[in-house]
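**Student:** coords below, sequence missing:
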């Protein structure tokens, strides 16, 4: 571990629903991790923990490289990163589904997506699913707002993380087939031995 402070380093998402859920959970457990502004690190001296606020997508990479001891992120983001991390335990918030979606009027099935352009912010997850299904589709990697990619002519369908599905419906899209992955917030570490750390046990 790269432990310059002597404290356990825990990564928290810096924005979004995962961040709110993580901060609320940790505060209820008695930890000091609330930011007053845009601080990147909050030190909880009493519990010997440095809470580091990072992009949710980057957390698994920092944990996998041993820079951060443990992190809170989504299963989908951890898997898509390709980082060598393990789930320590689930947190029962931030639940979502990774699904295919396309315009309603096209009445597509998953099988009919073969050969079509698919836009996503989760290229590794999508490529793994396509390989499993023996499908050959050009993957259009976008950083976000993939639901607009079809209207803009960039893609024919999308593969995205869906919560309520409201954003898809607003874009005139419908989910195709069963979810490829069910995700939620989890605590991750390089291996499960980190769970034996006193700060984690508490």
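**Tutor:** Sure, I can see it. Keep in mind the model is a prediction, meaning the values are calculated, not measured.
**Student:** please count neighbours and contacts with C-alpha atoms only from this point.
**Tutor:** Fine.
**Student:** what's the biggest helix by length in the chain packed up against?
**Tutor:** Looking across the chain with DSSP state H, the single longest helix is helix 16-28. Applying 3 or more C-alpha pairs under 8 Å, 6 or more residues apart in numbering; DSSP states H and E, one finds that helix 16-28 makes contact with strand 8-13, strand 70-74.
**Student:** please repeat the previous calculation with a cut-off of 7 Å.
**Tutor:** strand 8-13 (3 or more C-alpha pairs under 7 Å, 6 or more residues apart in numbering; DSSP states H and E).
**Student:** how much does the strand it packs on deviate in direction from helix 16-28?
**Tutor:** 140 degrees (axes from the mean of the first three to the mean of the last three C-alpha atoms, to 10 degrees).
**Student:** and strand 8-13, which strands flank it?
**Tutor:** Strand 8-13 sits in its sheet next to strand 49-54 (parallel), strand 70-74 (parallel), going by DSSP bridges.
**Student:** which of the ones you listed is buried the deepest?
**Tutor:** strand 70-74 (a mean of 29; mean count of other C-alpha atoms under 10 Å).
**Student:** quick one: contacts of it?
**Tutor:** For strand 70-74, contacts defined as C-alpha atoms under 7 Å, 6 or more residues apart in numbering pick out 9-13, 18, 56, 59, 63, 183-189.
**Student:** got the phi and psi for residue 134?
**Tutor:** phi 60, psi 40 (degrees, to the nearest 10).
**Student:** contact partners for the most centrally placed residue in the chain?
**Tutor:** Centroid-nearest residue in the chain, with C-alpha atoms, centre = their mean: residue 77, separated by 2.9 Å. Residue 77 makes contact with residue 57, according to C-alpha under 7 Å, 6+ apart.
**Student:** ranges for the helices of the chain?
**Tutor:** Using DSSP H, the helices assigned to the chain run over residues 16-28, 59-64, 75-81, 123-132, 166-170, 198-201.
**Student:** fine by me, we can end here.
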